[in-house]
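Student: sequence unknown, structure follows:
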């Protein structure tokens, strides 16, 4: 039996699963298609995002605003989407670019979306993305590739 809403969150302790009801509320109460839990500065634990993550996030969302007139401010992994809308996206990326791919495809398909401010804490363990130079470079390249791929695709 299919579900109505799919929720994504990192398994590294950085997200607060107890905020799930806040995350899905716009879908359930306002019929929004897609919700991103935004890791806003005043709710982030000190050190929970590295300087390259903060810069990369800003760059990606700024490019999305410029190329797609997007209102996204974060590529946060804690997110919820209607199941039928997720299927419609035909997601491809299985690595660093899945968050931006989902957001770009939702923009291209004109899905309704919202960001909800979320708390964010220091993760358990070392990140394969932000914890290494190689990971940060691969993630940055992947994210920018998705943005430019969709930004210039008709």
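Tutor: Received the coordinates, thanks. Keep in mind it's a predicted model, so treat the numbers as computed, not measured.

Student: buried stuff in the helix or strand bottoming out on mean pLDDT in the chain?
Tutor: Lowest mean confidence among the helices and strands of the chain (mean pLDDT, DSSP states H and E): helix 133-151, at a mean of 76. For helix 133-151, burial by neighbour count (16 or more other Cβ atoms under 10 Å) applies to 135, 136, 138, 139, 140, 142, 143, 144, 146, 147, 150. (Glycine included, C-beta is placed from N, CA and C.)

Student: Stretch 60-79 too?
Tutor: 60-61, 63-64, 68, 70, 72-79.

Student: re the thing from before, closest one of the buried residues of helix 133-151 to residue 16?
Tutor: Checking those against residue 16 with Cβ to Cβ, the nearest one is residue 139 at 22.8 Å.

Student: So that closest one sits against residue 98, correct?
Tutor: No. The pair residue 139 / residue 98 is not scored as a contact, 10.7 Å apart, by Cβ atoms under 8 Å.

Student: shared neighbours, these two?
Tutor: Shared contacts of residue 139 and residue 98, defined by Cβ atoms under 8 Å, 6 or more residues apart in numbering, are absent.

Student: in this protein, which spans are helices?
Tutor: Secondary structure of the chain (DSSP state H): helices at 20-30, 51-68, 83-89, 98-108, 133-151.

Student: what's the shortest one packed up against?
Tutor: Going back to what we said before, that points to helix 83-89. strand 5-8, helix 98-108 (3 or more Cβ pairs under 8 Å, 6 or more residues apart in numbering; DSSP states H and E).

Student: 6 Å instead, please
Tutor: Under the contact criterion of 3 or more Cβ pairs under 6 Å, 6 or more residues apart in numbering; DSSP states H and E, helix 83-89 touches no helix or strand at all.

Student: from the chain's centre, how far out does that helix sit?
Tutor: 16 Å (Cα atoms, centre = their mean, to the nearest Å).

Student: which residues are contacting it?
Tutor: Residues outside helix 83-89 that contact it (Cβ atoms under 6 Å, 6 or more residues apart in numbering) are 2, 3, 4, 6, 33, 105, 111.

Student: Make a ChimeraX selection of whichever of these turn out to be buried.
Tutor: Selecting only the buried entries of the contacts of helix 83-89 in ChimeraX, with 16+ other Cβ under 10 Å as the criterion:
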select :33,105,111
